[in-house]
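Student: Fold the following, please.
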Amino acid sequence: MRITRDLLLRLAKENTEVRAFNTESIIAAYLTGSLLNEEPLLGGTTDIDLVFVHNTPPALSREIKALSPDIHLDIHHRYQKEYDPPRSLRSNPWLGYELYDPQLLYETKHFFEFHQASLRAGFDEPKNLLKRSFTLLNAARKNWMNLQLSASDTSPSVILHYLEALHHAANAIAELTGPPLAERRFLLDLPARAEAIERPEFARGFLGLLGGSELSVGSLTEWLPAWESYFNFATEATGADIRIHNARQTYYKSAIVEMLEGENPFTALYPLLLTWTLSAETLPENQISAWENALHSLKIGGEYLESRLEGLDQYIDNIEEMLEKMLSSHGLEMAEIV
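Tutor: Sure thing, here's the model as predicted:
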C-alpha cells in the first residue's frame, strides 16, 4: 500500500467519525502531531495522533490501535475539565501547542472554538512563552534532584528519569521557537531549534549527555537485534509503558534504521535508547545485561552516572541562565513566571 498524506488524513477522519458516532461522551476531536506536516513519514511509517475530548472522565488516557504494519492510531483521551480555564493553557507547554493549531475533526457545543480563541489571545507574548519554557526546565530540575538519591542505582527506572530530565531540559529550548519535539524525531529536529536561538551548543550538549560522543556508529547498528528482542518481550509483559506496543515496533525500528543510514546516524540514539530502556524496565534484572553493556559503552550507567548527573546539572544551569537573561530583556520578573 502506498502511504500518502491524503490517505492518512482520510483515515484520521474516518476513524474519528466512527468513534464519535459510537461514543456519546466525545464532544470534540482533533488531529495533532506529525500528520500536520507535509512529510509525516519517517522510515516509511507514521502514527496518526488523535485527541478525543470527553464530557465525562474517560476510562483510558491513551490507546494504540494498529491500522496496518506501518500505520497506527495514537489516541489521547482527555476530560474537558483539563482545558479549564482556557487562558491557563497559554502557559501549558504541552496542551497549549496541542490546541493552538491542530486540525479539527469533530465538535459539538462550540467547545473547540471557544477554548482555542481563549488560548490564542496572548499565547506568543514573552511572558507566556517563557513560562512554558520554565515549566519544562523546572520539571527537568525536579528529575535531576530526585536522581541525587539514586546515583548508585542504574536500574532502567533510574535511567528513564535521567532521559526524562534531558527530554524536558531540551524541550525548554525547543519551546522558545515552536512546539515540544516528538521523541522519534528529537535529535533530527533539536539542532534547528538550537540554531534558531543561536545556541547550537545545546544540541551538541544533549547528544553528549546521551553518550553520543563516546560512541561509534557500528555500536548502534550492533545493538539493534538486542533492542528488538527486548521490545518483543516487553509487548507481552504486564504493565509495560504504552509506547512499547506491538503496533509501534516497526514505527520505531524503521525510523531508527533510516536515521542510521542517513547523514547523521547518531540521531537514532535517543529513540533507540529510550525505547530500549522502557522495554528493559519490564524484564527480570538478570536478563538485561545487553542493555547494561550498552549503558557502559555510553558511559551513562554504573560508575559513570554520577558524572553524567554533574553534566546534566550544568546543562540545566546554562539553560536557566539564558532564560533569566531573556526575562530581564523583556522587563519581566521571575515572580511573574513561576
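
Student: How far off centre is stretch 159-168?
Tutor: 11 Å (Cα atoms, centre = their mean, to the nearest Å).

Student: Now do it, average pLDDT.
Tutor: Regarding stretch 159-168, the rounded mean pLDDT is 97.

Student: what residues does it touch?
Tutor: 136-137, 139-141, 143-144, 146-147, 150, 183, 186, 206, 209-210, 270, 273-274, 277-278, 281, 295, 300-301, 305, 308-309, 312, 315-316 (Cβ atoms under 8 Å, 6 or more residues apart in numbering). In this view, the C-beta of every residue, glycine as well, is placed from N, C-alpha and C.

Student: cool, and stretch 209-228?
Tutor: Counting by Cβ under 8 Å, 6+ apart, 166, 207, 249, 253, 256-257, 260, 265-266, 268-270, 272-273, 275-276, 279, 290-291, 294, 297-300, 308, 311-312, 315 sit against stretch 209-228.

Student: what about 7 Å?
Tutor: 166, 207, 253, 260, 265-266, 268-270, 272-273, 276, 290, 294, 297-300, 308, 311-312, 315 (Cβ atoms under 7 Å, 6 or more residues apart in numbering).

Student: Which helix or strand in the protein has the lowest average pLDDT?
Tutor: Ranked by mean pLDDT, DSSP states H and E, the weakest helix or strand in the chain is helix 111-120, scoring a mean of 90.

Student: Residues contacting that one, please?
Tutor: If you take Cβ under 7 Å, 6+ apart as the criterion, helix 111-120 is touched by 27-28, 30, 53, 80, 83, 86-87, 89-90, 96, 99-100, 104.

Student: List only buried entries from the residues you listed.
Tutor: Buried members of those, counted by 16 or more other Cβ atoms under 10 Å: I27, A28, Y30, V53, Q80, Y83, P86, L89, R90, G96, L99, Y100.

Student: Point out the ones among those residues that are inside strands.
Tutor: I27, A28, Y30, V53 (DSSP state E).

Student: Just flag the most distant two among the residues you listed.
Tutor: I27 and Y30 (11.5 Å; Cβ to Cβ).

Student: before we move on, back to that, now for the buried ones among the contacts of helix 111-120, which pair is the farthest apart?
Tutor: I27 and R90 (21.7 Å).

Student: Understood, closing this out.
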